[in-house]
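Colleague: Got a predicted structure plus its sequence, pasted below:
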Amino acid sequence: MMAGRKTVTADTVEEYGKPYGDYGDGGYLPGDLIEVYDLRQRLRCTIRATKVYTIEFGNIPEEVWRGETFSSADEFRQCHVRCLPHLDLHDGVEFVTLHFDLVDIILP
């Protein structure tokens, strides 16, 4: 993200709207300014949401898999199946994609 290569993140529709941790509001909309924290709760960067829309797991658009820094839609799917083993990820499962621009890098 801070290198500027990652420009998209995706999560299931059910998880997207939920707040997470102490800092994440969840359910971001285009134009929102978002602070990004690392696992040690240190502010690392600020991003601005540019687009938010829903996709199906069986039909990952190129701008999404490339924005998530994968080499293909299949690689996107394989990684999400590994990272979300508690979910039954099939072609019809809906994901929300959050596209963003890097606004500022916060140095440690």
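Modeller: Sure, I can see it.

Colleague: Measure how buried Asp101 is and give me the count.
Modeller: Asp101 sits with 11 neighbouring residues when counted by other Cβ atoms under 10 Å. No exception for glycine: its C-beta is placed from N, CA and C like everyone else's.

Colleague: Can you check my assumption that it lies in a strand?
Modeller: Yes - read with DSSP: H, G, I helix; E, B strand; the rest coil, Asp101 is one of the residues of a strand.

Colleague: what residues are up against it?
Modeller: Thr7, Ile47, Arg48, Thr50 (Cβ atoms under 8 Å, 6 or more residues apart in numbering).

Colleague: what's the spacing between it and Leu39?
Modeller: Applying Cβ to Cβ, to the nearest Å, the value for Asp101 to Leu39 is 23 Å.

Colleague: Mind checking which of the contacts of Asp101 are buried?
Modeller: The neighbour count (16 or more other Cβ atoms under 10 Å) marks Thr7, Ile47, Arg48 as buried among these.

Colleague: residues touching the first one, list them.
Modeller: With contacts defined as Cβ under 8 Å, 6+ apart, Thr7 is in contact with Gly67, His99, Phe100, Asp101.

Colleague: Tell me how many other residues crowd the residue lying closest to Asp38 once chain neighbours are set aside.
Modeller: Distances taken as Cβ to Cβ, 6 or more residues apart in numbering place Arg44 nearest to Asp38, at 5.1 Å, with adjacent residues excluded. Neighbourhood size, Arg44 [other Cβ under 10 Å]: 15.

Colleague: now do Val52
Modeller: Neighbours of Val52 (other Cβ under 10 Å): 17.

Colleague: now do Tyr16
Modeller: 19.

Colleague: list the contacts for the residue nearest to it when sequence neighbours are not counted?
Modeller: Spatially, and ignoring its direct neighbours in sequence, Tyr16 is nearest to Val96 (3.9 Å; Cβ to Cβ, 6+ apart). Counting by Cβ under 8 Å, 6+ apart, Val96 touches Ala10, Asp11, Thr12, Val13, Tyr16, Val52, Tyr53, Thr54, Ile55.
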